[in-house]
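Have a look; sequence and predicted model below, questions after that.
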Amino acid sequence: MGHRLSPEQAELYRRVDEVLHYLWDPIGVARIPEARDEYQSYLPHVFSLLINKASAAEIVAFLLKTECDTTGLNRTPDAQQRVEEITSILRLSRDMILKRGDFEKSG
């Protein structure tokens with residue numbers, strides 16, 4: 001990130017990190033404290049999709065592609081629905097934060 005995040009953006013960034021680690025967790029490391037940073041390499045891209053108001057389909061596509069292509073997992077029958085639910089949580093988090101402050105401002 002080339003600039004300082006506003007408080008609202010920083011809050012969303014933290015929430016995205018938590019959602020990716022504890023809810024998305026395609027490789028099942030959420031209960032391993034040493035693996036807390038496992039999904040942080042995907043965090044900036046997911047955050048960027050959210051702040052740039054990407055469609056739900058774009059976010060779903062990124063998460064599914066990451067699950068299957070990047071982590072090497074086979075697509076399971078429930079993957080699409082699970083990732084859609086994660087995307088919904090991410091977008092709702094963004095929208096809640098938007099209501100509390102001027103999200104577009106950065107310090």
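Alright, I've got the coordinates. Computed from a prediction, not measured in an experiment: that's the story for all the values here.

Residue 52 and residue 62, how far apart?
Distance, residue 52 to residue 62, by Cβ to Cβ, to the nearest Å: 12 Å. (C-beta placed from N, C-alpha, C; glycine too.)

which one of those two has more residues nearby?
Neighbours per residue (other Cβ atoms under 10 Å) separate residue 52 from residue 62, with residue 62 holding more: 18 against 8.

so who does that one touch?
45-46, 49 (Cβ atoms under 8 Å, 6 or more residues apart in numbering).

any idea which of those residues is closest to residue 85?
Distance to residue 85 across those (Cβ to Cβ) is lowest for residue 46, with 14.7 Å.

In three-state terms, label that closest one for me.
helix (DSSP: H, G, I helix; E, B strand; the rest coil).

number of nearby residues for residue 84?
Neighbours of residue 84 using other Cβ under 10 Å come to 16.

now swap in the one 3 residues further on and tell me
Here the neighbour count serves as a burial measure; for residue 87 (other Cβ under 10 Å) it reads 26.

Mind telling me what element it is part of?
helix 79-100 (DSSP states H and E).

Weed out the non-buried ones from the contacts of residue 62.
In terms of neighbour count (16 or more other Cβ atoms under 10 Å), the buried residues within those are 46, 49.

from the contacts of residue 62, which is closest to residue 90?
Using Cβ to Cβ, residue 46 comes nearest to residue 90 of the contacts of residue 62, at 7.0 Å.

what residues are up against residue 95?
No contacts exist for residue 95 under Cβ under 8 Å, 6+ apart.

For stretch 57-77, measure first residue to last.
Terminal residues of stretch 57-77 are spaced 18 Å apart (Cα to Cα, to the nearest Å).
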